[in-house]
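Q: sequence unknown, structure follows:
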């Protein structure tokens, strides 16, 4: 069964969940949702090169999970709560399908009693 979100295409869903499959990227999303940060500040938090952090941010930006804005010579990264909300809506739809199945099973069991 394929579940389609009204707001996310299959490609968007793939990009979001592929981006969130990495622990460093999830941490970057969490940090930038709490407070915006420059790529340099983010790079200082991880035991990896600036270029590697920049690549993680680029993957997140491609998935729409963060945005980058110039501020002088720095690039400021901000989490995008709308993308998180849209992904949550998709997960909520999966949960509704599962709960509906459980409700039908409960109804069948009640009929047998």
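A: That came in fine, so what should we check first? Since the model is a prediction, treat every value here as computed from it, not as a measurement.
Q: From here on, just use CA atoms for contacts and neighbour counts.
A: Noted.
Q: can you pull out the helices in the chain?
A: Listed in chain order, the helices of the chain (DSSP state H) span 10-19, 23-34, 39-43, 50-62, 81-112.
Q: Turn those helices into TSV, including mean pLDDT.
A: Below are the helices of the chain laid out as TSV (pLDDT from 0 to 100):
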stretch	mean pLDDT
helix 10-19	96
helix 23-34	98
helix 39-43	96
helix 50-62	97
helix 81-112	92
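Q: Quick check: buried residues in stretch 22-41?
A: 25, 26, 28, 29, 31, 32, 33, 36, 37, 38, 39 (16 or more other Cα atoms under 10 Å).
Q: how about the fifth one, what does it touch?
A: Spelled out, that is residue 31. For residue 31, the contacting residues are 37, 79, by Cα atoms under 8 Å, 6 or more residues apart in numbering.
Q: Of the helices of the chain, which is nearest residue 70?
A: With Cα to Cα as the criterion, residue 70 lies closest to helix 39-43 of these, at 10.7 Å.
Q: residues making contact with that closest one?
A: Residues contacting helix 39-43 (Cα under 8 Å, 6+ apart): 28, 49, 50, 53, 54, 57, 74, 75, 76, 77.
Q: ok, the second one to residue 29 distance?
A: Same thing as residue 49. 18 Å (Cα to Cα, to the nearest Å).
Q: just to revisit the earlier point, quick one: which of the contacts of helix 39-43 is nearest residue 66?
A: Closest to residue 66, out of all of the contacts of helix 39-43 and judged by Cα to Cα, is residue 77, at 6.4 Å.
Q: Could you find the closest non-adjacent residue to residue 53?
A: residue 43 (5.6 Å; Cα to Cα, 6 or more residues apart in numbering).
Q: Distance-wise, check the one you found relative to residue 35.
A: 15 Å.
Q: what do you get for residue 8?
A: Taking Cα to Cα, one finds residue 8 at 26 Å from residue 35.
Q: coming back round to it: neighbours of the residue nearest to residue 53, how many?
A: 18 (other Cα atoms under 10 Å).
Q: Kind regards, and thank you for your time.
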